[in-house]
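S.K.: sequence? don't have it. structure:
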Ligand code: EPZ
């Protein structure tokens, strides 16, 4: 198991180019099954989650190859509607394959994805929605057996704007008879990206990003090339690392509008933040200020995927910041590790209270999940002395060789 060895204290400065968004590429790769044609997906980051999704597609019969940072999927030879259990357990986002496989094969068998470190993460909203499309779902020996003699369009009100459930319904509805309307859908940029990918294949989908998504089903689909959006969470993570080390950075290939809420809080903490069409410039103050209470919310609210990274930043701010995690019920595993480094964080229910301290000190800490691991790296970069972050396979799921990216900005960090 790899670890990071970080020597804190360097100021991060320079330029950073964002890669394609993990949470856009994953559902789009799942969706390539639907057309039965070839899709070329550009600007894909080399992440373990993406490699796992590629393996699942290959196990289901797709021909998949990497061409630099592009992934070429020919889904014409799909010959299975069973999602491999061993791979399913590795990534939660294999749940997206339900909708895509139902659209392509009319049936799918998968193992219950199960929870993970950040929470139970049930799929009840997915299943309720798919049943409304005419899918029959049976649970047997830990497997979900789903089949639909014919998918038919329906009005589908989601009880919560679940990102995965919205994506699953969009993909299944592409091959349902008639029109499907999704009410209370997730509005994340990655949802709009999935719509745009499917439209590039010939689907008729409108409304992603709004309160209602409409899908007209059973249109013929063709081959396509598509470039997913840049990764707003990678962007927020890098900005937080630079701010924590009192540095400055020009973030290129960004979509600032996707990062609005994070940029607002970085500005409130005293950073200079300038944005234009495709870039964000951030310059940190000598002393960061605590910010007004943060609550993680569905987009466009403050993203839960930035909660731990921003918490690491606030450890060194003057004053007290309250962060409430409203999306997942167990996403504070990084708190104890940050406190080992000298932070002063207490947790009351779903709210963390971060009292700023003057300094953090290097420590041996362990990542428990993807974004919590990134938070420990940020703290290590800002701390005095040496930090070892263990279990960085969690971090590799969502960041492509984070150590090389941060070294490019002047960090002292090695993978050991
Ligand atoms: C997606 O997960 C992202 N993953 C997550 O990013 C992100 O944190 C999350 O959306 C919220 O933005 C990918 O896109 C691959 P949800 P997803 O369904 O779809 C509950 C990262 O770090 N819920 O919107 O699983 C669920 O338990 C990852 O990149 C139900 O109760 O998120 C959670 O509390 C982590 N029943 C909340 O809703 C359901 O059927 C949000 O889940 C579905 C969800």
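M.R.: Now that the structure is in, tell me what you want to look at. Computed from a prediction, not measured in an experiment: that's the story for all the values here.
S.K.: contact partners for residue 328?
M.R.: Applying C-beta atoms under 8 Å, 6 or more residues apart in numbering, we find residue 328 in contact with 118, 119, 121, 304. Quick note: C-beta positions are derived from backbone N, CA and C, even for glycine.
S.K.: ok, now residue 70?
M.R.: Here residue 70 is in contact with 40, 41, 42, 43, 44 (criterion: C-beta under 8 Å, 6+ apart).
S.K.: residue 227 is in contact with the first one, correct?
M.R.: Going back to what we said before, that points to residue 40. No - using C-beta atoms under 8 Å, residue 40 is not in contact with residue 227; the gap is 9.4 Å.
S.K.: near the ligand too, which of the contacts of residue 328?
M.R.: Under the cut-off given by C-beta under 6 Å from any ligand atom, the ligand has 119, 121, 304 from these close to it.
S.K.: can you pull out the strands in the stretch 101-250 of the chain?
M.R.: 107-111, 136-140, 143-147, 155-157, 179-183, 204-206, 212-216, 224-226, 248-252 (DSSP state E, counting those that start in this stretch).
S.K.: check which residues of the third one are buried.
M.R.: It stands for strand 143-147. 144, 145, 146, 147 (16 or more other C-beta atoms under 10 Å).
S.K.: dump the residues you listed to TSV, plus pLDDT.
M.R.: Below are those laid out as TSV (pLDDT from 0 to 100):
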residue	pLDDT
144	92
145	95
146	96
147	97
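S.K.: from the residues you listed, pick the one nearest the ligand.
M.R.: The ligand lies nearest to residue 144 out of these, by C-beta to the nearest ligand atom, at 12.3 Å.
S.K.: grab the nearest non-local neighbour of residue 343.
M.R.: residue 315 (4.0 Å; C-beta to C-beta, 6 or more residues apart in numbering).
S.K.: report the contact partners of the one you found.
M.R.: 338, 341, 343, 344, 345, 354, 356, 357, 360, 379.
S.K.: apply 7 Å and report the result again.
M.R.: 338, 343, 354, 356, 357, 360, 379 (C-beta atoms under 7 Å, 6 or more residues apart in numbering).
S.K.: same check on residue 14?
M.R.: Residues in contact with residue 14 (C-beta under 7 Å, 6+ apart) are 249, 408, 409, 410.
S.K.: for the ligand, see how far away the residue nearest to residue 343 is.
M.R.: 20 Å (C-beta to the nearest ligand atom, to the nearest Å).
S.K.: now that residue. Its backbone dihedrals?
M.R.: phi -60, psi -30 (degrees, to the nearest 10).
S.K.: equivalent analysis for residue 299, please.
M.R.: Residue torsions, per degrees, to the nearest 10, at residue 299 are phi -50, psi 140.
S.K.: just read off the phi/psi values of the nearest residue to it once chain neighbours are set aside.
M.R.: Among residues not flanking residue 299 along the chain, residue 188 sits closest, at 4.3 Å (C-beta to C-beta, 6+ apart). Residue 188 adopts backbone torsions of phi -50, psi 150, taken as degrees, to the nearest 10.
S.K.: one more: residue 273?
M.R.: Residue torsions, per degrees, to the nearest 10, at residue 273 are phi -130, psi 120.
S.K.: ok, now how distant is it from the ligand?
M.R.: 23 Å.
S.K.: okay, now that residue: neighbour count?
M.R.: When neighbours are counted by other C-beta atoms under 10 Å, residue 273 registers 20.
S.K.: ok, now residue 262?
M.R.: Neighbours around residue 262, by other C-beta under 10 Å: 26.
S.K.: same check, this time on residue 343
M.R.: So residue 343, with other C-beta under 10 Å, has 23 neighbours.
S.K.: again with residue 276
M.R.: 9.
S.K.: if you skip the residues just before and after it, what's nearest to it?
M.R.: That would be residue 256: by C-beta to C-beta, 6+ apart, it lies 7.5 Å from residue 276.
S.K.: let me see the backbone angles for the one you found.
M.R.: phi -50, psi -40.
S.K.: ok, for whatever residue of the chain ends up closest to the ligand, nearest residue in space, not its chain neighbours?
M.R.: The ligand sits closest to residue 164 of the chain, with a gap of 2.8 Å, by C-beta to the nearest ligand atom. Among residues not flanking residue 164 along the chain, residue 95 sits closest, at 5.5 Å (C-beta to C-beta, 6+ apart).
S.K.: which other helices and strands contact the worst-scoring helix or strand of the chain on mean pLDDT?
M.R.: Here the helix or strand of the chain ranked lowest by mean pLDDT, DSSP states H and E is helix 85-88, holding a mean of 86. Secondary-structure packing of helix 85-88 (3 or more C-beta pairs under 7 Å, 6 or more residues apart in numbering; DSSP states H and E): helix 48-59, strand 107-111.
S.K.: which helices and strands sit right next to the longest one?
M.R.: Using 3+ C-beta pairs under 7 Å, 6+ apart as the contact criterion, the secondary-structure elements in contact with helix 48-59 are helix 22-35, strand 63-67, helix 85-88.
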